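[1] Could you look at this predicted model? Sequence included:
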Protein chains: 2
Amino acid sequence: MNGEVDEESSLVDINETAIFLNLSKAKVRKLIERNIIRNNWGQYTNLIRFTKKVSHIEEGSVLNYSDANLEIIRGFPKIRRCLLLEPALKKNFSSVDEVAVEEKMNGYNVRAAQINGDIIAFTRGGLVCPYTTEKVNELIDPTFFEDYPNLILCAEMVGPDNPYVAKTCYDVNSLDFFVFDIREKNSGEPYPVKKRRETLEAYKIKQVNLFGYFKPKDAHKEITKIINEIGSEEREGVVVKDPEMILQPMKYTTSNSNCKDLEFGFKFYNDIGRDYLFSRVIREGFQAAEWNENNQKLKDRCYRVGSSILYPMVNTINSVGKNKKVTEDAQIKVTRLEVLDLFKQHLNRSGIEVLFEEPIPEEDGYIVKMKKLNKSTNDKTESIWLGDYW
Amino acid sequence: MNGEVDEESSLVDINETAIFLNLSKAKVRKLIERNIIRNNWGQYTNLIRFTKKVSHIEEGSVLNYSDANLEIIRGFPKIRRCLLLEPALKKNFSSVDEVAVEEKMNGYNVRAAQINGDIIAFTRGGLVCPYTTEKVNELIDPTFFEDYPNLILCAEMVGPDNPYVAKTCYDVNSLDFFVFDIREKNSGEPYPVKKRRETLEAYKIKQVNLFGYFKPKDAHKEITKIINEIGSEEREGVVVKDPEMILQPMKYTTSNSNCKDLEFGFKFYNDIGRDYLFSRVIREGFQAAEWNENNQKLKDRCYRVGSSILYPMVNTINSVGKNKKVTEDAQIKVTRLEVLDLFKQHLNRSGIEVLFEEPIPEEDGYIVKMKKLNKSTNDKTESIWLGDYW
């Protein structure tokens, strides 16, 4: 979120905020000065987001302070990743009788909550996303939040009409909302897995697949099978959870997902961080070692990793060499054109440069194609074609 | 050179140094305080090295200040690397009629000079290397420095008895000294290519291969042929030079060299910097694009890159999983055991941890095997086998 426009931070009420968060007024003043707590935009200036972790409050947390309410929607905690499944299960889950294994879907992470009577969707960073907010209002039975105004649905937005991560591997037409966690406002306490699944089923709210409950000492075998199966369908991975949600969950991904990340990363080799690229390669090495791959399997993986790196990079270099810029293409589908305008403002304020095409009317809304230009990769590649050094 | 022992910096004479370098006394005092100029060790405390670039003085420069002499051995300037050969030749060398193409050998970079009557070899960073100093004294006709006390030989130390980069692809028995540049003390002015080659031939001092002189507009074709040929012999690459040595030289490497670097880097995946790994992969992408590789050639390259990454990493992970630490093995060959002691001190003071085996006597000296432990990779891999997250 570079290049974010600084505005309206002064609307934070220092006294109220300090009392509610149990921080000193001086600290709150400093957080405002340093842009660590900032207002949302437009009609949501009463929603204050945390751009960094502050003592006990996670990054991406949102403080709603209106006359009627003073409440906090906690940022979604990062799920730790394991590289070797069996040792990580043994170390981190041996104190429970069984673990729940659910699907980690590939989309973008949102939190939906009822705020002052409206259902609103927040990005990971705590911004109100107008596009996701529209979708969530269309997709979720509103009686859920009438019955549970104190709950937050943590979900993955998945499908082809996805402005950030477009995937067609799921059985989703446009964009859908798959809950993986229910948490309480203020405390951030998560629901146990069974209770969450039952609660959501009652309202027909979609949730991520549950692959099953396994004993920690057998789980690595079951997960390996699952990972191989869903990997062949280009799906992303799993999250291993303590059914009571007391222990921290842990994620593990398919080779396909690691390699797709590499493809994306090397298409935009100069925009994407080196840590992003390095970490994907490292995951492949540990998976190959743990699975004790025979000669042919390891050879296949070498080719897969090498191809995921070189093909997209070579395509980018060739494309720029022919004066054709490389872009990241995506599309959204909106029911109302007002939402498109709000979404454009949202991206613009977030510092993300996107070119939108003209909306294409459909029976039930508008498809809008968009192109993100990854300027650094285009500029660097062009300069090297002009003879510059690295 | 982390963990370097701080000592003897106070031996710098601030007045003399300031006058000679044309810097203020206050600046020299600050450089000493910040450990930017530091003494060498042992008998060489009169040789002061620059650990960073300071105004016009390159990193690795050595100031010799003894009663008889006050002179500077300039640090060897970094040679810029091109990623696309034809555009880089066009942009950087179109002002000359021809370019000289010489071999870039894979070893370690040293500068040899006569200092107060002795022939001494300096590392890239400006330290006196006792091992290289012994070798240089054995290998170089001493009349060269008697005739030219004001010259510096810039060379690559190449061969199997190499403590840093052991390579067997060159026709070298133990360790040899291949000059690629002659420069003057103080000014740092380089000799033109022809003059350098003739001067060295007269003293039978070895130098890097000269592949030929080419017109800049044809050179990319010739260099591509050379790169393919020497790559198949596991050799490293070429340096393209203005024969007059007025324009800055430029280097270009073989795919084999890039991939061997990756192999080394991923064997010690947690010790080697991510930039090091990333840059090698990037070189492969640009070479494949410029050479417009057909489907099979690009497939081969994908497999080569993937293998260079995964095989060494998987070997490391498996090895540590079986409680066997991975080490970087090398050997040196010394004529006198005193040199071994001095070399051990040199590595120790440079903060490099190495285990030496007992010297093995040979007819003409001693072989000493050594193991460098890359602690971070071993520790990280072990912790992941014990169930830690990344």
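    Thanks, I have the structure now.

[2] Would you map the helices across chain A?
    A:14-21, A:25-33, A:85-93, A:130-139, A:143-147, A:193-202, A:216-231, A:255-267, A:274-290, A:295-321, A:337-349, A:375-385 (DSSP state H).

[3] Take those and write them to JSON lines, including mean neighbour count, distance to residue B:225 and mean pLDDT.
    Where you see a C-beta, it was placed from the backbone N, CA and C, and this is true even at glycine. Output for the helices of chain A, formatted as JSON lines (neighbours: other CB atoms under 10 Å in any protein chain shown; distance: least, CB to CB, whole Å; pLDDT from 0 to 100):
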{"stretch": "helix A:14-21", "mean neighbour count": "16", "distance to residue B:225": "69", "mean pLDDT": "85"}
{"stretch": "helix A:25-33", "mean neighbour count": "16", "distance to residue B:225": "62", "mean pLDDT": "91"}
{"stretch": "helix A:85-93", "mean neighbour count": "21", "distance to residue B:225": "49", "mean pLDDT": "97"}
{"stretch": "helix A:130-139", "mean neighbour count": "21", "distance to residue B:225": "55", "mean pLDDT": "96"}
{"stretch": "helix A:143-147", "mean neighbour count": "15", "distance to residue B:225": "70", "mean pLDDT": "97"}
{"stretch": "helix A:193-202", "mean neighbour count": "16", "distance to residue B:225": "64", "mean pLDDT": "98"}
{"stretch": "helix A:216-231", "mean neighbour count": "17", "distance to residue B:225": "43", "mean pLDDT": "97"}
{"stretch": "helix A:255-267", "mean neighbour count": "21", "distance to residue B:225": "28", "mean pLDDT": "97"}
{"stretch": "helix A:274-290", "mean neighbour count": "20", "distance to residue B:225": "32", "mean pLDDT": "96"}
{"stretch": "helix A:295-321", "mean neighbour count": "20", "distance to residue B:225": "21", "mean pLDDT": "97"}
{"stretch": "helix A:337-349", "mean neighbour count": "17", "distance to residue B:225": "50", "mean pLDDT": "95"}
{"stretch": "helix A:375-385", "mean neighbour count": "18", "distance to residue B:225": "22", "mean pLDDT": "96"}
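
[4] With distance to chain B added, can I get these in CSV?
    Formatted as CSV, the helices of chain A follow (distance: least, CB to the nearest CB, whole Å):
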stretch, distance to chain B
helix A:14-21, 29
helix A:25-33, 29
helix A:85-93, 3
helix A:130-139, 29
helix A:143-147, 34
helix A:193-202, 21
helix A:216-231, 11
helix A:255-267, 7
helix A:274-290, 4
helix A:295-321, 3
helix A:337-349, 28
helix A:375-385, 5
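
[5] so which of the ones you listed gets nearest residue B:386?
    Distance to residue B:386, taken as CB to CB, is lowest for helix A:85-93 among those, at 6.1 Å.

[6] Quick one: list the elements packing against that closest one.
    helix A:216-231, strand A:250-253 (3 or more CB pairs under 8 Å, 6 or more residues apart in numbering or on different chains; DSSP states H and E).

[7] Paired strands for the last one, with orientation please.
    The strands beside strand A:250-253 in its sheet (DSSP bridges) come out as strand A:80-81 (parallel), strand A:237-241 (antiparallel).

[8] for the ones you listed, which one ends up most surrounded?
    Greatest average neighbour count among the strands paired with strand A:250-253 goes to strand A:237-241 (a mean of 25), per mean count of other CB atoms under 10 Å in any protein chain shown.

[9] Tell me which residues are up against it.
    A:79, A:89, A:93, A:99-104, A:180, A:193, A:208, A:211, A:219, A:223, A:226-227, A:230, A:247, A:249-254, A:257 (CB atoms under 8 Å, 6 or more residues apart in numbering or on different chains).

[10] and that strand, what's its mean pLDDT?
    The predicted model assigns strand A:237-241 a mean pLDDT of 98.

[11] Export only the CA atoms of that strand, formatted as CSV.
    The C-alpha trace of strand A:237-241 is given here as CSV (Å, rounded to 0.1, in the frame of the first residue of the first chain):
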residue,chain,number,x,y,z
GLY,A,237,-3.1,-26.1,0.2
VAL,A,238,-4.4,-26.8,3.6
VAL,A,239,-4.6,-25.3,7.1
VAL,A,240,-4.1,-27.6,10.0
LYS,A,241,-6.1,-26.5,13.1
